[in-house]
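Asker: Structure here, sequence nowhere to be found:
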């Protein structure tokens, strides 16, 4: 497992100092920029020599990082469940977005096994046709997926459990039309474990319910996910607009690859007590401690 970081835009002074260090500039992928002097888009291994040198040159200046976490093929094979991540987005028209938003506001929030409630949207409005072999996130804000005709037929024949396909609706008529299917799962998982990588935010203001954010992978108590179907959703609103994210079993990931369906990528869901969970916990505790001590931060997952 590797935690990778990429420096967010920093002050012109720090950008100049970093660019002047030839080895560091190369490791960070320094690119000239008229606004701040240089940008540094390249990800680097947070456990290597780059981060200490960068923080030393920052001289206490607050800096922040994007993050990514990578696992080896054997580590992925050892996991029983995965979180789904979006690799394909299909845009809505203004009318689609307005109708979907109105439908969202009519949906009640559902109590869960966690301390948060979630929204499980039942209606999606879309004008564009979904690619035949694609699963696509609807716009960037909905938290919902649609699936193309060919992929939907393969999914229905797969024997996988926990999902249903609903019609995609036309914004003007409110009726179903043939652009794809809305992929729906209503079974919610047990509460995920909360550790140093999980925290609360109040995105809608201090008087609103909090929403959870995190840095790393989701973790669950050992055996907690055994009764779950092949496709399910979390008890926490990790997604947009208080929607839960998708969790799938290893065999669902294998089907996705074998069927050559486009649009999802997968990151591990960890079981407490496993080697990968212990390594994940240690790496994040060490990294977050180092960043806090230097006045630096890492951006959380949405």
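Answerer: Alright, I've got the coordinates. Computed from a predicted model, the values in this text were never measured in an experiment.
Asker: drop to CA atoms for contacts and neighbour counts, all remaining ones
Answerer: Fine.
Asker: Please report phi then psi for residue 289.
Answerer: Phi and psi for residue 289, reported as degrees, to the nearest 10, are phi -60, psi -40.
Asker: any idea of the pLDDT on it?
Answerer: On the pLDDT scale, residue 289 is placed at 96.
Asker: ok, now how distant is it from residue 160?
Answerer: According to CA to CA, to the nearest Å, residue 289 and residue 160 sit 42 Å apart.
Asker: Then residue 53?
Answerer: To residue 160, residue 53 is 49 Å away according to CA to CA.
Asker: which of the two has more neighbours?
Answerer: Relative neighbour count places residue 160 above the other of residue 53 and residue 160, with 16 against 13, counting by other CA atoms under 10 Å.
Asker: Show me the domain layout of the chain.
Answerer: According to automatic domain parsing, the chain comprises the domains 2-70, 78-270.
Asker: For those domains, could you give me a markdown table that also reports distance to residue 295?
Answerer: Formatted as a markdown table, the domains of the chain follow (distance: least, CA to CA, whole Å):
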| stretch | distance to residue 295 |
| --- | --- |
| domain 2-70 | 5 |
| domain 78-270 | 17 |
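Asker: and of those, who's closest to residue 296?
Answerer: Proximity to residue 296 (CA to CA) singles out domain 2-70 among those, at 4.9 Å.
Asker: what distance separates that closest one from the centre of its chain?
Answerer: Distance of domain 2-70 from its chain centroid, counting by CA atoms, centre = their mean, to the nearest Å, is 23 Å.
Asker: Now that domain: average pLDDT?
Answerer: Across domain 2-70, pLDDT averages out at 96.
Asker: Does residue 238 touch residue 245 like I think?
Answerer: Yes: applying CA atoms under 8 Å, one finds residue 238 in contact with residue 245, separated by 6.0 Å.
Asker: quick one, strands of the stretch 201-302 of the chain?
Answerer: Secondary structure of the stretch 201-302 of the chain (DSSP state E, counting those that start in this stretch): strands located at 211-214, 219-220, 231-233, 246-249, 264-271, 297-298.
Asker: Can you say which of these is nearest to residue 19?
Answerer: Closest approach to residue 19 among these is made by strand 297-298 (20.9 Å; CA to CA).
Asker: Pull the residues that contact the closest one.
Answerer: Residues lying outside strand 297-298 but in contact with it, judged by CA atoms under 8 Å, 6 or more residues apart in numbering, are 62, 63, 64, 65, 66, 67, 215, 288, 291.
Asker: Pull up the pairing partners for it, direction included.
Answerer: strand 64-70 (parallel) (DSSP bridges).
Asker: and the worst-scoring helix or strand of the chain on mean pLDDT, how far from the chain's centre?
Answerer: The weakest-scoring helix or strand in the chain, judged by mean pLDDT, DSSP states H and E, is strand 198-201 (a mean of 90). Computed by CA atoms, centre = their mean, the chain-centroid distance of strand 198-201 equals 15 Å.
Asker: Pull out the buried positions in it.
Answerer: Neighbour counts over strand 198-201 (16 or more other CA atoms under 10 Å) mark residue 198 as buried.
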